[in-house]
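**Student:** Take this sequence and fold it.
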Amino acid sequence: MRALVQRVVEAAVEVDGQTVGEIGSGLLVLVGVTHDDAPETADRLAEKVWNLRIMPAEVAEPLVERFTEALRALGATVATGRFGAHMHVRLVNDGPVTVSLEL
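**Tutor:** Sure thing, here's the model as predicted:
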C-alpha cells in the first residue's frame, strides 16, 4: 500500500455527477493498493499517516530546488510556488490517476 497525503482547505469526490464524500480543512489521502497487501498493511499505513511529521525546511528546501533544477535540465517546463509560503493549489484530478514514486 502507498499513501499520498495532501493538506486541503476542502476536498470532494464525485462519482457519476454525485458527491459521495467531502471534507473541509484537513488531509486528503489517496491510497494505492496492490495484490500482496494485507489487512495488517492497512493498519500500519493508517498509523503512519496519523503520526505524520513534515520534513524540516532547512533540509527540504535545497532538495526541492535541486529537484526543480534537474527537471529543467531535462527540458521540463516547471512552475513552482514559494518554498515555505502558505499556498492554495487548485487541481482537478482525472480518473483519479496519481503515481507515487519513491527512491
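
**Student:** which residues does D36 contact?
**Tutor:** For D36, the contact set (CB atoms under 8 Å, 6 or more residues apart in numbering) is empty. The way it works is simple: take the backbone N, C-alpha and C, and place the C-beta from them, glycine included.

**Student:** what's the spacing between it and M1?
**Tutor:** Applying CB to CB, to the nearest Å, the value for D36 to M1 is 10 Å.

**Student:** Same check on G21?
**Tutor:** Counting by CB to CB, the gap from G21 to M1 is 19 Å.

**Student:** likewise G24?
**Tutor:** From G24 to M1 the distance is 26 Å (CB to CB).

**Student:** So which of those two has more stuff around it?
**Tutor:** A direct count of neighbours by other CB atoms under 10 Å for G24 and M1 places M1 higher, at 15 against 8.

**Student:** can you list contacts of stretch 17-31?
**Tutor:** 1-14, 45, 49, 96, 98.

**Student:** A3 should be in a strand, yeah?
**Tutor:** Yes. Counting by DSSP: H, G, I helix; E, B strand; the rest coil, A3 is located in a strand.

**Student:** okay, it: pLDDT?
**Tutor:** As predicted, A3 sits at a pLDDT of 91.

**Student:** what about it, neighbour count?
**Tutor:** 15.

**Student:** quick one, what contacts it?
**Tutor:** Applying CB under 8 Å, 6+ apart, we find A3 in contact with V29, L30, V31, G32, L45, K48, V49, S100.

**Student:** of all the residues you listed, which comes closest to E65?
**Tutor:** Minimum distance to E65 across the contacts of A3 is 21.4 Å, recorded for S100 (CB to CB).
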